[in-house]
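Novice: Fold the following, please.
(2 chains)
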2 protein chains.
Amino acid sequence: MNLALDAAAQNLLFREAHTANTFTDEPVTDEQMQAVYDLVKFAPTAFNQTPLRIVLVRSAEARERLVAHMAEGNQAKTASAPLVAILAADNEFHHELPTLFPHFPQAKDVFFAERAVRESSAQLNASLQAAYFIVGIRAAGLAAGPMTGFDPEGVRKEFLDDDHTPLMVINIGKPGEGASYPRSPRLAYDEVVTTV
Amino acid sequence: MNLALDAAAQNLLFREAHTANTFTDEPVTDEQMQAVYDLVKFAPTAFNQTPLRIVLVRSAEARERLVAHMAEGNQAKTASAPLVAILAADNEFHHELPTLFPHFPQAKDVFFAERAVRESSAQLNASLQAAYFIVGIRAAGLAAGPMTGFDPEGVRKEFLDDDHTPLMVINIGKPGEGASYPRSPRLAYDEVVTTV
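Specialist: Numbering: from 1, shown residues only, chains lettered A, B, ... in the order given. Below is the predicted model:
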């Protein structure tokens, strides 16, 4: 009654969705990934800076390079997932701002002239976009397996450059047998929310 | 065809949703906020750490204290929104880990004994949860107006403590007249995604 979102959508995105650790062999297509992006690209970021950049790791050669930088417990699932995405923040996002934020094209120079400011803003806003992307993967009827257990400097050197900071790696596919742990407890509303 | 999420839900959460800068007088109830939380609490974080904490600013006195720390351009809308939420990361989230991550109760000590590690992990994971929360506000048929334009140290001292890092402030309500800018451009898929 307090939600406008229909029950099927609530279940697909949140209530019945689980992080997956195993996947079926069913491929994840570029068309699916484009549909995910074209849905979640509308979600908000500060100054519409949208600093998230995504590397889809498809070739066997690239997959092998990535797996070498994953934490041991993440290696087998990253090697076998139908598709793996590296999510990174673009610390030079300000070059796009005059196009992306036409209400105030000066934002690039007024607010984001300093690299440290850009890094901090890109970190926050690309993280928001990473979450939207996870929701989008679920919206495509797929399961996400997000991981922060990897060597960020290794992944940066192997797949990115000095202007990009890796945030997470996500395995993507249809959940396989025993894909998920049982749901862990969540904090109660009163443990998280206070009112003043 | 590439999305399992129905079109109405796509529109409600992403395609037709906009950041709001003005709101109607219609109140936002605690029951609505609880419904939002009880939907998005299921979305994934590392080790199920769920470090997001939320302060709902309801009283006129508290609202006035918050507005004083907002950037000038955010003051009027923060003063007049039906409800305002301060979102923060709990850097001491590890105390809850044995309950929240029963698969590996030692995670608290093995991975999160150091404050700097906790701060970095809480920053990323609370940011993910901030994005889920924005999606949840939209799922309740409400509009969100997320803002990072405020004095974080001022907000921390006024509403939080040294163990919490403020991430953003969100105005919440039904969109009012002229609530949103026209949709700004988004980067194309090929500008964001590369395949290796």
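Novice: Identify the residue nearest the geometric centre of chain A.
Specialist: Closest residue to the average C-alpha location of chain A: residue A:130 at 2.9 Å, with CA atoms, centre = their mean.
Novice: Check what pLDDT it gets.
Specialist: In this model, residue A:130 is scored at 98, pLDDT.
Novice: Okay, buried residues for the strand or helix carrying it please.
Specialist: Assessed by DSSP states H and E, residue A:130 sits inside helix A:115-139. For helix A:115-139, burial by neighbour count (16 or more other CB atoms under 10 Å in any protein chain shown) applies to A:118-119, A:121-139. Just so you know, the C-beta spots here come from the backbone N, C-alpha and C atoms, and that holds for glycine as well.
Novice: contacting residues for the residue nearest to the centre of chain A?
Specialist: Residues near residue A:130 by CB atoms under 8 Å, 6 or more residues apart in numbering or on different chains: A:52, A:87, A:146, A:167, A:168, B:128, B:131.
Novice: cool, and residue A:89?
Specialist: Residues counted as contacts of residue A:89 (CB under 8 Å, 6+ apart) are A:51, A:52, A:53, A:119, A:122, A:123, A:125, A:126, A:127, A:164, A:165, A:167.
Novice: again with residue A:55
Specialist: Applying CB under 8 Å, 6+ apart, we find residue A:55 in contact with A:85, A:86, A:88, A:159, A:160, B:193, B:194, B:195, B:196.
Novice: and it, which of the three is it?
Specialist: Here residue A:55 is recorded as strand under DSSP: H, G, I helix; E, B strand; the rest coil.
Novice: Beta-bridge partners for it, please?
Specialist: Per DSSP bridges, the residues bridged to residue A:55 are residue A:86, residue B:194.
Novice: same check, this time on residue A:23
Specialist: Applying DSSP bridges to residue A:23 gives these bridge partners: residue A:175.
Novice: separation between it and residue A:39?
Specialist: Using CB to CB, to the nearest Å, one gets 21 Å for the distance from residue A:23 to residue A:39.
Novice: ok, which stretches of chain A are helices?
Specialist: Counting by DSSP state H, chain A has these helices, from start to end: A:7-10, A:30-40, A:60-67, A:72-80, A:97-100, A:107-110, A:115-139, A:152-159, A:189-192.
Novice: Distance to residue B:27 for the ones you listed - can I get that in TSV?
Specialist: Output for the helices of chain A, formatted as TSV (distance: least, CB to CB, whole Å):
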stretch	distance to residue B:27
helix A:7-10	23
helix A:30-40	30
helix A:60-67	49
helix A:72-80	46
helix A:97-100	34
helix A:107-110	34
helix A:115-139	27
helix A:152-159	44
helix A:189-192	18
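Novice: OK, contacts around residue A:173?
Specialist: Counting by CB under 8 Å, 6+ apart, residue A:173 has contacts A:20, A:23, A:24, A:26, A:28, A:81, A:82, A:83, A:142, A:143.
Novice: do you know how far it is from chain B?
Specialist: 14 Å (CB to the nearest CB, to the nearest Å).
Novice: Also residue A:153?
Specialist: Here residue A:153 is placed at a distance of 14 Å from chain B (CB to the nearest CB).
Novice: Check the burial of that residue by counting its neighbours.
Specialist: When neighbours are counted by other CB atoms under 10 Å in any protein chain shown, residue A:153 registers 10.
Novice: residues in contact with it?
Specialist: Counting by CB under 8 Å, 6+ apart, residue A:153 has no contacts.
Novice: In chain A, spot the strand with the most residues.
Specialist: Of all segments of type strand in chain A, defined using DSSP state E, the longest is strand A:164-173.
Novice: Alpha carbons of that one, as CSV, please.
Specialist: Provided in CSV are the C-alpha atoms of strand A:164-173 (Å, rounded to 0.1, in the frame of the first residue of the first chain):
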residue,chain,number,x,y,z
HIS,A,164,40.4,5.3,-13.8
THR,A,165,39.8,3.8,-10.4
PRO,A,166,38.3,0.2,-10.3
LEU,A,167,35.3,-0.1,-8.0
MET,A,168,34.1,-3.6,-8.3
VAL,A,169,34.0,-6.7,-10.5
ILE,A,170,30.6,-8.2,-11.3
ASN,A,171,29.8,-11.7,-12.5
ILE,A,172,26.7,-11.8,-14.6
GLY,A,173,24.4,-14.6,-15.8
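Novice: partners of it in the sheet?
Specialist: When DSSP bridges is applied, strand A:164-173 pairs with strand A:83-90 (antiparallel), strand A:143-147 (antiparallel).
Novice: Kindly provide the distance from the residue nearest to residue A:126 when sequence neighbours are not counted to chain B.
Specialist: Of all residues beyond its chain neighbours, the one nearest residue A:126 is residue A:89 (3.6 Å), with distances taken as CB to CB, 6 or more residues apart in numbering or on different chains. With distances taken as CB to the nearest CB, residue A:89 is found 11 Å from chain B.
Novice: for residue A:36, same thing?
Specialist: From residue A:36 over to chain B the distance is 8 Å, taken as CB to the nearest CB.
Novice: Could you see whether chain B lies near stretch A:100-114?
Specialist: Yes - judged by CB under 8 Å from any CB of the partner chain, stretch A:100-114 and chain B are in contact via A:100, A:101, A:102, A:103.
Novice: Contact partners for the first one?
Specialist: For residue A:100, the contacting residues are A:47, A:48, A:49, A:50, B:184, B:185, B:186, B:187, taking CB under 8 Å, 6+ apart as the criterion.
Novice: Show the pLDDT at the third one.
Specialist: Okay, so that is residue A:49. 98.
Novice: surely it meets residue A:125?
Specialist: Yes - at 5.5 Å, residue A:49 counts as touching residue A:125 under the criterion of CB atoms under 8 Å.
Novice: re the thing from before, looking at the contacts of residue A:130, which is nearest residue A:60?
Specialist: Nearest to residue A:60 among the contacts of residue A:130: residue A:87, at 21.2 Å, using CB to CB.
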